[in-house]
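> here are the coordinates; sequence isn't available:
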């Protein structure tokens, strides 16, 4: 699709591809600026329906926060539609956490911005549902940008069962948006994700950012699911300040009432 036009947006490069669709860099020829254009996957449209996805995109487009990627426009193409969004240039947090030992100050600074973004969305009844380090970009000036608010799929029990049986099944089914290591216990029990599920994912994200590892492990998806449901997180290193450690562990409380 490189070189093609969607409305007055000329697609110039492919940025990435995931379960929700393909993201392109594009030139807005009316406003003379670069933007990101996400063409939603056919499987998303088939499983969730155009009306549902359109409502989710319209709701998410109402968010206006410096740490949330802005949705500019929703356009239609063939039998589906695309989202025109702020072009966020920087490095995903998962890459930074793997390659660099972040200072406590940096982790806290990023965590506060992510939490502020979640609070802004939650106040407007919008749940992210797929928060993870790969969905957080750190811009060149050190600002956090959280991507893909409000567009993830709500998982039913059949989907949860499929996830625990085989990681391959969730990777093949691109209509499923969600990452097992970040899924809260209540989601794995087949309940609908809520604000508290985002807080759990924030705890996983902060743990990963501090240690470069995930708080729960398992040699199979079933083992990982069992650990999330029944085991305590791996202990944090003693180098993590008590205040930050306490916040992370509260976010990872299995009982929703004990989460912040």
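Alright, I've got the coordinates. Owing to the predicted nature of the structure, the values given are computational and were not obtained by experimental measurement. Numbering: from 1, shown residues only.
> Now do residue 244, the pLDDT please.
Per-residue pLDDT puts residue 244 at 97.
> So which residue is dead centre in the protein?
In the chain, the centroid-proximal residue (Cα atoms, centre = their mean) is residue 131; its distance is 3.2 Å.
> For residue 181, see how far away it is.
Residue 131 sits 12 Å away from residue 181, taking Cβ to Cβ, to the nearest Å as the criterion. Just so you know, the C-beta spots here come from the backbone N, C-alpha and C atoms, and that holds for glycine as well.
> got the buried residues for the top strand by length along the chain?
In the chain, with assignment by DSSP state E, the single longest strand is strand 9-18. By neighbour count with 16 or more other Cβ atoms under 10 Å, strand 9-18 contains the buried residues 9, 10, 11, 15.
> Please list all residues in contact with residue 147.
Residues near residue 147 by Cβ atoms under 8 Å, 6 or more residues apart in numbering: 69, 88, 135, 136, 137.
> Output the contacting helices and strands for the next helix or strand after the longest strand of the chain.
Per DSSP states H and E, the first helix or strand lying C-terminal to strand 9-18 is strand 21-28. Helices and strands touching strand 21-28, as assessed by 3 or more Cβ pairs under 8 Å, 6 or more residues apart in numbering; DSSP states H and E, comprise strand 9-18, strand 33-40, strand 80-85.
> Go ahead and measure how far the longest one is from the middle of the chain.
Spelled out, that is strand 9-18. 19 Å (Cα atoms, centre = their mean, to the nearest Å).
> what packs against that strand?
strand 21-28, strand 33-40.
> picking up where we left off before, did I read that right, the residue nearest to the centre of the chain in a helix?
No: assignment of residue 131 by DSSP: H, G, I helix; E, B strand; the rest coil gives coil, placing it outside any helix.
> What segments of the stretch 51-200 of the chain are helices?
Assigned by DSSP state H, counting those that start in this stretch, the stretch 51-200 of the chain shows helices spanning 93-99, 104-123, 157-165, 167-172, 185-188, 195-211.
> out of these, deepest packed?
helix 195-211 (a mean of 23; mean count of other Cβ atoms under 10 Å).
> List the buried residues for the next helix or strand after that one?
Downstream of helix 195-211, the first helix or strand assigned by DSSP H and E is helix 221-230. Judged by neighbour count using 16+ other Cβ under 10 Å, the buried positions of helix 221-230 are 221, 224, 225, 227, 228, 229.
> quick one: the fourth one from residue 113, how far?
Separation of residue 227 from residue 113 (Cβ to Cβ): 29 Å.
> returning to what we had before: export the helices and strands packed on strand 9-18 as JSON lines, with columns for mean neighbour count.
As requested, those are exported to JSON lines (neighbours: other Cβ atoms under 10 Å):
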{"stretch": "strand 21-28", "mean neighbour count": "21"}
{"stretch": "strand 33-40", "mean neighbour count": "20"}
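> In CSV: those, plus distance to residue 102.
Below are those laid out as CSV (distance: least, Cβ to Cβ, whole Å):
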stretch, distance to residue 102
strand 21-28, 26
strand 33-40, 26
